[in-house]
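Student: would you be able to build a 3D model of this:
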Amino acid sequence: MDKVEKRLAAEAKQVDGPVGGADLREYQTQVLLKLRAIRDTMLKEGSSLEQLRKERDQARNERDALKKQVDKLNYRVHHLKQHVPVPSPADMKL
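Tutor: Numbers count the residues shown, from 1 in each chain. Next up, the predicted model:
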């Protein structure tokens, strides 16, 4: 009879999974510790996140300025091409 009771208790524990009493508390404690570690890491890296955002914004501003400069130079090249005569193959012979 003792064997059957032990087996029944083991089977009941398997059916309950991590939801049963002490197992649940232990599982919740482990999850809570992991979540606290994640929160602490996020708080530590919070300043670096702001730094990354600042660097991203600076890079975007620099990119926009460079795009404007490229567009301006392309415009100038286009108009210079219109006014500079292209030599013909006959003119190329010396």
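Student: what pLDDT does Ala12 get?
Tutor: What the model reports as pLDDT for Ala12 is 68.
Student: the one helix or strand Leu66 maps to: how far from the chain's middle?
Tutor: Leu66 belongs to helix 21-83 when elements are defined using DSSP states H and E. Chain-centre distance of helix 21-83: 8 Å, with Cα atoms, centre = their mean, to the nearest Å.
Student: let's test this: mean pLDDT of that helix, rounded?
Tutor: The pLDDT scores in helix 21-83 average 89.
Student: run through the residues that contact His78.
Tutor: Taking Cβ atoms under 8 Å, 6 or more residues apart in numbering, we find His78 in contact with no residue. Any C-beta I mention is one placed from the backbone N, CA and C, and that applies to glycine too.
Student: next one: it from Asp64, what distance?
Tutor: Per Cβ to Cβ, to the nearest Å, His78 is found 21 Å from Asp64.
Student: quick one, phi psi at Pro87?
Tutor: phi -70, psi 140 (degrees, to the nearest 10).
Student: show the pLDDT at it.
Tutor: With respect to pLDDT, Pro87 scores 78.
Student: C-terminal to the helix holding Leu66, what's the next element?
Tutor: Toward the C-terminal end, the helix or strand that comes next after helix 21-83 (DSSP H and E) is helix 89-92.
Student: give the buried residues for that following helix.
Tutor: Across helix 89-92, burial judged by 16 or more other Cβ atoms under 10 Å covers no residue at all.
Student: now it, how far from the chain's geometric center?
Tutor: Centroid displacement of helix 89-92 relative to its chain, using Cα atoms, centre = their mean, is 58 Å.
Student: got the contact list for that helix?
Tutor: Contacts of helix 89-92 (Cβ under 8 Å, 6+ apart): none.
Student: how close does Leu66 get to Ser88?
Tutor: Separation of Leu66 from Ser88 (Cβ to Cβ) stands at 37 Å.
Student: try His78
Tutor: According to Cβ to Cβ, His78 and Ser88 sit 22 Å apart.
Student: could you do Asp71 as well?
Tutor: 32 Å.
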